[in-house]
Structure formats: C-alpha cells, structure tokens
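> my questions concern the predicted model and sequence given below.
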Amino acid sequence: MLTKTKKLITLALLTVCVFIPQKATAAETKESLTVSPSVIIVDENELGKSFEITISNNTGSKITLTPAEKLVTRDEQGKNIPSDANPAELLLEFNKETFDVEAGEEHKFQVRVKLSVQSNPGVYPAVSFKATGDRAGELGLASEILSVFLIQDFDGELSADTTVTVAAGAITVDRNFIVTGIVLNDGKKFFNPAGTIVISKDGKQVFEKQITSQIEGLLFPNEQKEFNITWLNELSGISALGNYVIEAKINPTPFSQTFVTRIEVFYIPAEILVLLIPLTAFILIAFVLISNLKKRKQLVQVPGQTQQITV
C-alpha cells in the first residue's frame, strides 16, 4: 500500500513539473534585425534587373532604418568590409527615404542595378541600412546592416589554374593514391568552382570522384581552395602494373569552360616488386660474370706473330 502511495505522489509531482511555465532561454528571446539576402550575385546578363531585399525586425520595438549606398571590399578571410570611400558614380537605384519596420514584421525593399554599371574588380556596391529609434542602442543592434551586390567583372578574363600532386611521387608501390591539389583563380572573374578527379589506366577510367564539396563557395581573383582524395588501387598482379593518368577537371560555375590538369604515376605492385628484386640481382650478377670472362682473354701482339695468351 505504501509503495502504491509513493507512486501516486511521484506521478503527481511529474505532472506539476510538466505544466509549470518554463523560463525562456537567452537564445529564445534573442532580438535581432536581419537582412536577406545579405549577398546578391549579379551576373553579366543581369544589368538593369531589380532585386528584392527583405528586412526582418525580430525585436520587440519599431525600428527606423535609413538606406544608403556604400562600397565594400573583401579581406583575406573573405569577409565583406565596408569602405570609407564614396562611390564616384552610384551603381544602384533604390528609394533613399527613411522607413519604419514594426516589431515582428518584415519590410520588402526593391533595388535595381543600373545598366551603366562598370565593373570594378575587388570593390562592390552595397545597400547600407542604418538603424535608429528609441531602442536601437539598447538592443545592441549593429550600427548598420548590409546587403552586398557582387557584380561580376565583365571585361576581365576567366582563368583557373590547378596544381595536383600524389603523395607517393611519380613512381610508387603504395596502393593508396593520395591526391592533393589547389584550385587557384588567376583570372579576373569570380566563380563557384566545381570539380572532379578522374584516374585512368591504359585509356580506361578506373576511378572518379567529385571534389565540389571540398572547394564550394565563391572563388575570387587571387584566391585558392584546397582539395584531397584517397583511392585504393584494388587491381592486382600484372594488370595493376603500369602508368596511371590523374586528371583534375575544374568547372567554374556558371561558365561553361573546363580547366584540366594531368599528372602521371607509375605503379609497381608489391608482389611484382618482390619478384623483380631477385631477378634484377640475377641479371646483374650474370652481367658481371660475363664481363669478367671476357677480360680474362686478351690478345697480346708479339713481333712476327700473334699469340693468344690466357692470363
């Protein structure tokens, strides 16, 4: 009976705990002001096009925003850094009047890229939204939020260089082919690299692997991304012996070109190497013995006659 009573008390306490209102965590109550998309890519055929930006007020107060055009540059970590320089010519068209975004609501903001835009490598226009209002400082909002327009360099050339190496070198007995490489943007246009590693022997493909997931994200001029793959050569015996061609194929999306880099590796299976060592040693020994026998017989020239003398 006592055990039954304890069970009923425990059940009652659990029920009370479930229905007691829980205090919200800091993450649940975090207030913020966001802009989406924060980065807009403008391709060569999109001059004159209008884009829509959404500003979301996730705070508990009305926020007043002032839009303006700014320039940004990219640092070594790929972050967009606002520049103090003012654009000599405005590249974007939008309503520059101050507007309000009510608490918990969104505001749609239209921006048009001008047809007369001239590409300026490494420098990009952005719409800056500066927050003001009664609680802007209290909420700890950033002094401004940006939506950056990455406008493609229209006049520059497209170029990608790939360096590929195999850890074991040009001749290997290791069945594990560890291939590493670097994709470098040595042109003027930025792109999203996609790529594949292909290994062939005697013109027949024996391995293929996508490396796009390792080099994803925009690659800007003079930037590079690394990749690596490992392939276990499961061919055996004489069929595995031979020359292997390793190709790195890089496709700079959204362009239709493909950049290919090739290297060659000669693979000697360990079981064949075990046979080659004594065979090579036998051939060398035989060569030395034959050479010594030839040297033992010499022709000695004597006046008036020729005599063969064995030394």
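Received it, and whenever you're ready, just let me know what you need. Being a predicted model, the structure only gives us computed values, none of them experimental.

> which stretches in the stretch 201-311 of the chain count as helices?
Remark: helices assigned in the stretch 201-311 of the chain by DSSP state H, counting those that start in this stretch are 270-296.

> can you list the weak-confidence ranges in the stretch 151-300 of the chain?
Along the stretch 151-300 of the chain, segments meeting pLDDT under 70 span 273-300.

> what are the ranges of the strands in it?
Taking DSSP state E, counting those that start in this stretch as the test, the strands found in the stretch 151-300 of the chain are 160-166, 171-172, 176-185, 192-201, 204-210, 224-232, 242-253, 259-267, 297-302.

> so which elements touch the fourth one?
Packed against strand 192-201 by the contact rule (3 or more CB pairs under 8 Å, 6 or more residues apart in numbering; DSSP states H and E) you find strand 176-185, strand 204-210, strand 224-232, strand 242-253. To be clear about C-beta, it is placed using only N, CA and C from the backbone, and glycine gets the same treatment.

> and these as CSV, adding distance to residue 55?
Formatted as CSV, the helices and strands packed on strand 192-201 follow (distance: least, CB to CB, whole Å):
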stretch, distance to residue 55
strand 176-185, 32
strand 204-210, 37
strand 224-232, 32
strand 242-253, 29
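
> out of those, flag the one nearest residue 163.
strand 176-185 (4.7 Å; CB to CB).

> okay, the strands of the stretch 151-300 of the chain in CSV with mean neighbour count and distance to residue 96 next?
Listed next are those as CSV, based on neighbours: other CB atoms under 10 Å; distance: least, CB to CB, whole Å:
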stretch, mean neighbour count, distance to residue 96
strand 160-166, 18, 39
strand 171-172, 14, 64
strand 176-185, 19, 35
strand 192-201, 19, 32
strand 204-210, 13, 45
strand 224-232, 15, 38
strand 242-253, 18, 34
strand 259-267, 15, 43
strand 297-302, 9, 104
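
> so what's residue 99 up against?
Counting by CB atoms under 8 Å, 6 or more residues apart in numbering, residue 99 touches 64-65, 67, 107.

> related to what we said a few turns ago, which one of the strands of the stretch 151-300 of the chain lies nearest to residue 97?
Closest approach to residue 97 among the strands of the stretch 151-300 of the chain (CB to CB): strand 192-201, 35.6 Å.

> quick check: closest non-adjacent residue to the spatially most central residue of the chain.
The structure's the chain has its C-alpha centroid closest to residue 215; by CA atoms, centre = their mean the separation is 1.9 Å. Spatial nearest neighbour of residue 215, excluding adjacent residues (CB to CB, 6 or more residues apart in numbering): residue 225 at 4.2 Å.

> tell me which residues touch the one you found, please.
Counting by CB under 8 Å, 6+ apart, residue 225 makes contact with 182-183, 193, 214-215, 217, 219.

> appreciated, that's everything.
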